[in-house]
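> below is the structure, and that's it, no one-letter string:
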């Protein structure tokens, strides 16, 4: 095993943020992404100095190894999801300025551990990615999001460049089919704010007016938190469910407007501790989808208690 010198270690570790960004988009879980990056660095350090020196681009090598680990994990994830309690939603991330250590007043996490919050990490996008095959997802993320050539991606997934090109084309088709009509960010934030106010006021007519008639609400408790196990279909059904929920909320529950994966969202806190994160997909002037994350294992970046 080789322990790099300080300058070498600094150069290698400078790739950490890129690796975290790639792995999170591939897996939809920051915890798993961090494990992948740790394993990637362990494999680098396990090589001899001669083996390391023979690598022309350590950054490309690290990305290749991390992507292959993710590809293997994606294959096993499908089997794990079969035993998951309820629906599975990607791990939501707060705005980077809100990333904390887990205690009030805590410092922010190392910048190298932050995920760049752009359109490729909003919950709607990640949910579509989760419907793809592992190879399709890896090809699309590496080529379309991180601009690797098809030749480079082909080596990672074990396909020909032509096959990778076809996988990327089919992935783009899925993304386009799932994209809602563009709604300005300020308008999206306003709709989420109106939803919060209508919910707090228990105004069912206002809630119905804000929800698309074909809206869907999906919750993820992972078996660790009480929530609805199956998706709720229809705007009116969701509105009624939210009113019923409002009637059962504890007095110490507060709702705050927050950024969730770069998009307007809400968080529910009990005595200052985040217990639920709500992400929204807005199409036009209506809410099309709501994702409710209550699994505490997916809320550790939000925990303040």
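Cool, got the structure. Given the structure is predicted, the values throughout are model-derived calculations rather than measurements. Numbering: from 1, shown residues only.

> strands of the stretch 101-250 of the chain, start to end?
Per DSSP state E, counting those that start in this stretch, the stretch 101-250 of the chain carries strands over the ranges 211-220, 232-233.

> quick one, domains of this protein?
Using automatic domain parsing, the domain ranges for the chain come out as 1-83, 185-298.

> show the pLDDT at residue 250.
pLDDT, residue 250: 82.

> that one: neighbouring residues, count only.
Around residue 250 there are 8 other residues, counting by other CB atoms under 10 Å. (Each C-beta comes from the backbone N, C-alpha and C, glycine too.)

> residue 261 touches residue 92, doesn't it?
Yes: between residue 261 and residue 92 there is a contact under CB atoms under 8 Å: 5.8 Å.

> hey, what's in contact with both of those two?
123, 279 (CB atoms under 8 Å, 6 or more residues apart in numbering).

> out of the strands of the stretch 101-250 of the chain, which comes closest to residue 153?
strand 211-220 (30.1 Å; CB to CB).

> so what strands line up beside the closest one?
Strand pairing for strand 211-220, using DSSP bridges, gives strand 232-233 (antiparallel), strand 286-293 (parallel).

> okay, now the unreliable bits of the stretch 101-250 of the chain?
101-113, 181 (pLDDT under 70).

> show me where it has helices.
Residue ranges of the helices in the stretch 101-250 of the chain, as given by DSSP state H, counting those that start in this stretch, are 123-130, 134-140, 150-157, 161-178, 185-200, 204-210, 235-248.

> buried ones in the longest one?
Of the residues in helix 161-178, those buried by neighbour count under the rule 16 or more other CB atoms under 10 Å are 164, 167, 168, 171, 174, 175.

> next one: stretch 134-147
Quick answer for stretch 134-147 (16+ other CB under 10 Å): 134, 135, 136, 137, 138, 139, 140, 141, 142, 143, 145, 146.

> the closest residue in space to the fourth one that isn't next to it in sequence: how many residues sit nearby?
This means residue 137. In space, and not counting its chain neighbours, residue 137 is closest to residue 129: 5.3 Å by CB to CB, 6 or more residues apart in numbering. Residue 129 is flanked by 25 other residues according to other CB under 10 Å.

> correct me if wrong: residue 129 contacts residue 25.
Yes: between residue 129 and residue 25 there is a contact at 7.2 Å, judged by CB under 8 Å.

> how about residue 254, secondary structure?
strand (DSSP: H, G, I helix; E, B strand; the rest coil).

> now residue 67
Classification of residue 67 using three-state DSSP returns helix.

> do the one 5 residues further on as well
On the three-state scheme (three-state DSSP), residue 72 is labelled helix.

> distance check, it against residue 28.
15 Å (CB to CB, to the nearest Å).

> kindly report the same for residue 48.
In terms of CB to CB, residue 48 sits 35 Å off from residue 28.

> about what we covered before: between residue 72 and residue 28, which one's more packed in?
residue 28 (24 against 12).
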